[in-house]
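> Turn this into a model:
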Amino acid sequence: MDWIVLGKQIALSVVFTLVGLALLGGTFWLLTKVIPFSIRKEIEEDQNTALAVVLAAVILGVSLIVAAAVVG
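Numbering: from 1, shown residues only. Next up, the predicted model:
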């Protein structure tokens, strides 16, 4: 009986992980479409650390929202 519960918990963890990764990927994709300049060029070639910090903050914010949704 305990193995069944453990299997369900592992399956739920995998599902929530995939949903969370999909949301993070979708957020990053949406940002690349909304922002009028190339994110890759700004960060890699122009060394725009302010943009990198803002993108990191957005990704962390979405991650916190997903984590709060998973916990309940």
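> What's the local residue count around Leu55?
Look at Leu55: counted by other CB atoms under 10 Å, it has 19 neighbours. Any C-beta I mention is one placed from the backbone N, CA and C, and that applies to glycine too.
> contacting residues around the residue nearest the centre of the chain?
Centroid-nearest residue in the chain: Leu24, 2.5 Å away (criterion: CA atoms, centre = their mean). Leu24 makes contact with 59, 62-63, 66, according to CB atoms under 8 Å, 6 or more residues apart in numbering.
> Relative to the whole chain's centre, how far out is the helix or strand harbouring it?
Under the criterion of DSSP states H and E, Leu24 resides in helix 2-34. Distance of helix 2-34 from its chain centroid, counting by CA atoms, centre = their mean, to the nearest Å, is 9 Å.
> Provide the secondary structure category for Phe37.
coil (DSSP: H, G, I helix; E, B strand; the rest coil).
> What's the local residue count around it?
With other CB under 10 Å as criterion, Phe37 counts 11.
> and the gap between it and Ala50?
Using CB to CB, to the nearest Å, Phe37 is found at 13 Å from Ala50.
> now Asn37: how far from Asp46?
No Asn there; residue 37 is Phe. Separation of Phe37 from Asp46 (CB to CB) stands at 10 Å.
> correction: Ile39
Remark: distance between Ile39 and Asp46 (CB to CB) = 11 Å.
> same question, Val5
Look at Val5 and Asp46: by CB to CB, they are 52 Å apart.
> what's the angle from the helix or strand harbouring Val66 to helix 2-34?
In this assignment (DSSP H and E), Val66 forms part of helix 49-71. Interaxial angle, helix 49-71 versus helix 2-34 (axes from the mean of the first three to the mean of the last three CA atoms, to 10 degrees): 150 degrees.
> In helix 49-71, which residues have enough neighbours to count as buried?
Applying a neighbour-count criterion of 16 or more other CB atoms under 10 Å, one finds 55, 62, 66 buried in helix 49-71.
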